[in-house]
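> missing the sequence, but the structure's below:
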């Protein structure tokens, strides 16, 4: 059971690190902050059976979509933390190495690239956006920061 609690903490830590990274990029480089309302709108519509949209922003707003998006963002981060700890096992927790966690964190971007982005009308791996390679690179960097945040929590927990 302790593994699950560590996984929850790792997922929270990684998600907070990712959000702080996004805030830093916004403050220093002026990059747009994530629009979690769009993810909230997409999630509600997907749960209602309408997974793919031409443009999620063109669909009518959902009450509390921003709160739903933020909650979903953290729930996914927590789930990833728990999944990783279960897959890695107790041996990893005794000596948490970064490489397997980093690989896992990079793999998790697939859910966004191949389900959520096309579902919101952004195309596979952001292919319908003006600068898909920039978005992909920033996404990989954000997921690296997510992995670093999870690793930092794992190191503190051991």
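Structure's in. What do you need? Just so you know, these numbers come straight off a predicted model, no measurement behind them. Numbering: from 1, shown residues only.
> I'd guessed residue 92 sits against residue 99; true?
No. Counting by C-beta atoms under 8 Å, residue 92 sits too far from residue 99 to count as a contact (10.7 Å). C-beta here means a position set from N, CA and C on the backbone, and glycine is covered the same way.
> How far does the helix or strand containing residue 143 sit from its chain's centre?
Per DSSP states H and E: residue 143 is located in helix 132-157. How far helix 132-157 lies from its chain's middle: 9 Å, per C-alpha atoms, centre = their mean, to the nearest Å.
> what is the mean pLDDT for it?
Averaged over helix 132-157, pLDDT sits at 97.
> got the buried residues for stretch 20-33?
21, 22, 25 (16 or more other C-beta atoms under 10 Å).
> pLDDT added to these, as JSON lines?
JSON lines is the format used below for the buried residues of stretch 20-33 (pLDDT from 0 to 100):
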{"residue": "21", "pLDDT": "98"}
{"residue": "22", "pLDDT": "97"}
{"residue": "25", "pLDDT": "97"}
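> Next, check those residues against the helices and list the overlap.
21, 22, 25 (DSSP state H).
> So the last one versus residue 147, what's the distance?
By that I understand residue 25. Residue 25 sits 17 Å away from residue 147, taking C-beta to C-beta, to the nearest Å as the criterion.
> hang on, the earlier thing: residue 92 and residue 99 - which one has more neighbours?
Ranked by neighbour count (other C-beta atoms under 10 Å), residue 92 and residue 99 place residue 92 first, with 17 against 9.
> so for the helix or strand hosting that one, what's the average pLDDT?
For residue 92, the element it lies in under DSSP H and E is helix 65-94. Helix 65-94 carries an average pLDDT of 97.
> And it, what's buried?
65-66, 68-70, 72-74, 76-78, 80-82, 84-85, 88, 92-93.
> For the helix or strand that that helix is followed by, name the packing helices and strands.
As assigned by DSSP H and E, the chain's next helix or strand after helix 65-94 is helix 98-107. For helix 98-107, the contact count by 3 or more C-beta pairs under 8 Å, 6 or more residues apart in numbering; DSSP states H and E identifies helix 65-94, helix 132-157 as packing neighbours.
> Contacts for helix 98-107 next, please.
With C-beta atoms under 8 Å, 6 or more residues apart in numbering as the test, helix 98-107 has contacts from 14, 80, 84, 87-88, 92, 140, 143-144, 146-148, 150-151, 154.
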